[in-house]
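> Mind looking at a prediction? Sequence and model below.
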Amino acid sequence: KAAIPAPVPGAAPTSGIPPSVFGVPDLSDILRGLPVPSPDVVTPSGLPSPTIGGGYIPSGPDSPIDLGQKAFGFDRVYQKYGDLHGIDWRLIKAIATVESSENPSALNPNDPSVGMMQVLVQGCYVNGEWLWDKTPRNRFPALGSLWPKTPRQLLDADTNVAVGSAILADNLRVYGLERGVAVFNAWSSRSGSIKNPSYVAKVERAYGRGLA
């Protein structure tokens, strides 16, 4: 899902999402209260515990942390990386909401992708099994040493948002706002028509709810 493609000559940024995504809250009156569809991710029981960072916050029915505490803690993570990249932290949160309902344990074997921002980990789900200590094939040069060595590391909320927000920031720089959000979810949207307009609309609605 979360991918950094190379720039495509002639692919001009589009502007279907108003620039208010970067701080001017004029979307709230239009978008307040709209539902955010649940993403197609799976959170199996018995997920291995992460081994790094200390930022991982468990979630799901067995979590000792209630939703209010979880959301407050995650907001601080979004704010940290929003400040780092010059992105409205609520846009990062909106993408995490659409991708995983802000679930650090969220897994999608179809991509496969892992964690809150559903970072792609190619080659780490084989024959129905997660290979937690295998290095993903899709190493993004723009991330340098930030790219985790194993998918297990992406179960850490802070690590996942660090990687996902860096990918998002690069996409926004290359493609502009609307297409940058689309490319975060689908590489195929980097040129021509946007292939996943419904995803962009979900992010816009989630962002609007964050302003309400």
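Here it is on my side, so go on.
> Could you pull up the residues touching residue 203?
17, 91, 94-95, 98, 181 (CB atoms under 8 Å, 6 or more residues apart in numbering). Backbone N, C-alpha and C define where each C-beta goes, glycine included.
> Would you point out the most distant pair within the residues you listed?
Pairwise distances across the contacts of residue 203 (CB to CB) peak at 13.2 Å, for the pair 17 and 98.
> Compare the two and say which is more crowded by neighbours.
residue 98 (26 against 22; other CB atoms under 10 Å).
> nearest residue to the more buried one other than its sequence neighbours?
Spatial nearest neighbour of residue 98, excluding adjacent residues (CB to CB, 6 or more residues apart in numbering): residue 202 at 4.7 Å.
> Same check on residue 79?
That would be residue 89: by CB to CB, 6+ apart, it lies 4.5 Å from residue 79.
> residues in contact with the one you found?
Counting by CB under 8 Å, 6+ apart, residue 89 has contacts 75, 78-79, 81-83.
> Now do stretch 78-88, average pLDDT.
Averaging pLDDT along stretch 78-88 yields 94.
> could you check the distance from the residue nearest to residue 79 over to residue 198?
For residue 89, the distance to residue 198 (CB to CB, to the nearest Å) stands at 24 Å.
> Just the buried residues out of the contacts of residue 89, in ChimeraX syntax.
This is how ChimeraX selects the buried members of the contacts of residue 89, with burial counted by 16 or more other CB atoms under 10 Å:
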select :75,78,81,82
